[in-house]
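Asks: the amino acid sequence is not available; the structure is as follows:
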């Protein structure tokens, strides 16, 4: 990547942050400070997340202090059947092996945490049929996304060391665009991303790669804004939070592209970009994001900045946190009913069988992610039921 390209990316990140999150102005200054460090910054070593206390007591430093000690998850409606890929066990073991290879697992305790997280099982649930090799790739990518968010967004944000976030972003974009365009001394996270970038080019078509890379850039931009909120120890407004959250969950152009790759088919660009199908994709994104904010959000209430939609709504509207969780649950259930109506209409209007295959993949993704979220040791939902 040449200097002009680097400057263009930095300008794009800065401009986006100013437009979508007014409190992110300091991020632009930090990006300026890191220009000279694009090629020599150190990468932080990542590790599997460790268990914390099983309580969702609101932190003393939280914007929600005074909320109830415990919140139970609302009932979430999903009419699609549960399923899991036949090779689920080999995918899970392959994920553990990959995590060890790239330094995510170095101790028995880290392996225990990784197995409780069930990243491989998640991939096998959201893709219950299709190419095992591609589903293994999805699982490895899932590890990278979750732990990058932990180590390069949340931790630098809370410690106000945002240059760690911006350095990692620039180097990650280089590797995604060209896995061989790397500087020396890569840390574990970037070496893992290099493996992902190389393998992507074996599995995906050029158009799918382009969608994936652009979706990852959205993920990085959203991560910048989240890191700024963490650094300021404040929750964003709901209008700012939702687009940032939808981008950092990287569903539309990252995770959902693997519906095609795993299934061995490709939606033609004009069909994928069609307004009706994109409306369905947008609704699926909102459902998965709300499920995530509810079920992951339970454990976050003990953190200083519980970055989830119920917490944002509770602060902005002055609601008790229990009512905010119920409100988001009602939104998710209403969106699910709307999603069912939308896919019935698109099946009636769109005769292309590839569209039905893709939409069936969205249904499996919603169901599989919900099933995983309810059982993963990463969220520990059973502790709050």
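Replies: Good, I have the coordinates. Quick caveat, the model's predicted, so the values are computed rather than measured.
Asks: C-alpha only now, for contacts and for neighbours.
Replies: Fine.
Asks: and the helices in the stretch 151-300 of the chain?
Replies: In the stretch 151-300 of the chain, the segments counted as helices under DSSP state H, counting those that start in this stretch are 155-159, 162-177, 188-203, 206-232, 238-248, 257-263, 269-272, 275-300.
Asks: could you list which residues are in contact with residue 134?
Replies: Neighbouring residues of residue 134 by C-alpha atoms under 8 Å, 6 or more residues apart in numbering: 203, 258, 261-262.
Asks: go with 10 Å
Replies: By C-alpha atoms under 10 Å, 6 or more residues apart in numbering, residue 134 lies in contact with 123, 127, 140, 199-200, 202-204, 258-259, 261-264.
Asks: mind giving me the ChimeraX select for these, buried ones only?
Replies: In ChimeraX, this line selects whichever of these come out buried by 16 or more other C-alpha atoms under 10 Å:
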select :123,127,140,200,203,204,258,259,261,262,263
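Asks: of the contacts of residue 134, which is the nearest to residue 107?
Replies: residue 140 (18.9 Å; C-alpha to C-alpha).
Asks: now that closest one: how far from residue 93?
Replies: Using C-alpha to C-alpha, to the nearest Å, residue 140 is found at 11 Å from residue 93.
Asks: what do those two both touch?
Replies: Jointly contacting residue 140 and residue 93 under the rule C-alpha under 10 Å, 6+ apart are 99, 119-120.
Asks: worst-scoring helix or strand of the protein, pLDDT-wise?
Replies: The weakest-scoring helix or strand in the chain, judged by mean pLDDT, DSSP states H and E, is helix 25-33 (a mean of 41).
Asks: show me what contacts the residue nearest in space to the middle of the chain?
Replies: For the chain, the residue nearest the mean C-alpha position is residue 249 (3.1 Å; C-alpha atoms, centre = their mean). Residue 249 makes contact with 145-146, 149, 215-216, 218-219, 222-223, 243, 255, 285-286, 288-289, 292, according to C-alpha under 10 Å, 6+ apart.
Asks: okay, now residue 168: neighbour count?
Replies: 22 (other C-alpha atoms under 10 Å).
Asks: so it sits against residue 220, correct?
Replies: Yes - contact criterion C-alpha atoms under 10 Å: residue 168 and residue 220 qualify, at 9.3 Å.
Asks: between the two, which contacts overlap?
Replies: Common neighbours of residue 168 and residue 220 (criterion: C-alpha under 10 Å, 6+ apart): 148, 152-153.
Asks: and those residues as TSV, adding neighbour count and pLDDT?
Replies: Converted to TSV, these look like this (neighbours: other C-alpha atoms under 10 Å; pLDDT from 0 to 100):
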residue	neighbour count	pLDDT
148	21	92
152	27	90
153	27	88
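Asks: shouldn't residue 209 be in contact with residue 176?
Replies: Yes - at 9.2 Å, residue 209 counts as touching residue 176 under the criterion of C-alpha under 10 Å.
Asks: what about these two, which has more around it?
Replies: residue 176 (25 against 20).
Asks: and the nearest residue to residue 306 once chain neighbours are set aside, how many neighbours?
Replies: Leaving aside its sequence neighbours, residue 306 sits nearest to residue 300 (C-alpha to C-alpha, 6 or more residues apart in numbering; 4.9 Å). By other C-alpha under 10 Å, 22 other residues sit near residue 300.
Asks: what of residue 130?
Replies: Here the count is done by other C-alpha under 10 Å, and residue 130 has 17 residues near it.
Asks: for residue 128, give me its contacts.
Replies: 82-88, 122, 135, 262, 361, 364-365, 368.
Asks: okay, the residues you listed in TSV with distance to residue 384 and pLDDT next?
Replies: Converted to TSV, those look like this (distance: C-alpha to C-alpha, whole Å; pLDDT from 0 to 100):
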residue	distance to residue 384	pLDDT
82	22	97
83	25	97
84	25	98
85	28	98
86	31	98
87	31	98
88	27	98
122	21	97
135	31	98
262	34	97
361	30	97
364	26	98
365	24	97
368	21	98
